[in-house]
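> Just the structure for this:
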Amino acid sequence: MSASLLRRGLELLEPPGRAKAPPGLQRGRAGPRAAGAARRRKRAPEPSRNKATVKGRVVKSAIEEYHKKKPVNHLRENLQYMLKGRLVADKAVTEQVLAQNRGRKSKDQPPEKTEKKKPEGTVFTEEDFRKFEREYFGIP
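Next up, the predicted model:
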């Protein structure tokens with residue numbers, strides 16, 4: 001909020017019986033420097049319009065300005081938007097999109113999935129083991 005809007009808002013809120021302070025006391029400037037600073041600050045008058053007149057001036061209410069700039073909560077609309085669409089894309093399409101967005105560096109690539117090897121069964125059967133025991137150890 002700008003300083004002028006703040007001043008106008010305070011003017012609206014001040015009691016009606018109280019008058020403005022005289023211009024000399026308002027800024028609190030006194031001494032020889034104040035005159036020099038004011039002289040330096042003065043610009044050449046603009047010929048466009050007279051600012052002393054009220055014609056064409058629109059008085060803005062500080063309360064209205066506050067309500068205009070008040071943040072709006074869009075949570076409800078956003079939730080409705082997110083929940084109304086329940087379309088699920090194909091897995092192939094999602095994989096393609098993810099592959100396109102992935103970088104080309106090796107650190108960006110997902111680890112390759114290796115198929116687990118099933119433990120291979122033995123070539124020998126139980127009967128072969130029994131036969132081997134009988135021949136090697138001499139157990140009948």
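
> May I see the buried residues of the strand or helix carrying residue 67?
Taking DSSP states H and E as the definition, residue 67 sits inside helix 62-69. Going by neighbour count (16 or more other CB atoms under 10 Å), the buried part of helix 62-69 is residue 62. Using the backbone N, CA and C atoms, a C-beta is placed for each residue, glycine as well.

> Against which helices or strands is that helix packed?
Packing contacts for helix 62-69, counted by 3 or more CB pairs under 8 Å, 6 or more residues apart in numbering; DSSP states H and E, involve helix 3-13.

> Identify each buried residue in the helix it packs on, please.
By 16+ other CB under 10 Å, the buried positions in helix 3-13 come out as 8, 9.

> Just the mean pLDDT for that helix, thanks.
The average pLDDT within helix 3-13 is 79.

> helices or strands up against it?
Against helix 3-13 (3+ CB pairs under 8 Å, 6+ apart) you get helix 62-69.

> can you dump the C-alpha coordinates of the helix or strand following the helix it packs on into CSV?
Using DSSP H and E, the helix or strand that follows helix 62-69 in sequence is helix 75-84. The C-alpha coordinates for helix 75-84 follow below in CSV (Å, rounded to 0.1, in the frame of the first residue of the first chain):
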residue,chain,number,x,y,z
LEU,A,75,-8.5,-24.3,-3.2
ARG,A,76,-12.1,-25.4,-3.8
GLU,A,77,-12.0,-24.7,-7.6
ASN,A,78,-8.6,-26.4,-7.9
LEU,A,79,-9.8,-29.5,-6.0
GLN,A,80,-12.9,-29.8,-8.2
TYR,A,81,-10.8,-29.4,-11.3
MET,A,82,-8.3,-32.1,-10.2
LEU,A,83,-11.0,-34.5,-9.1
LYS,A,84,-13.3,-34.3,-12.1
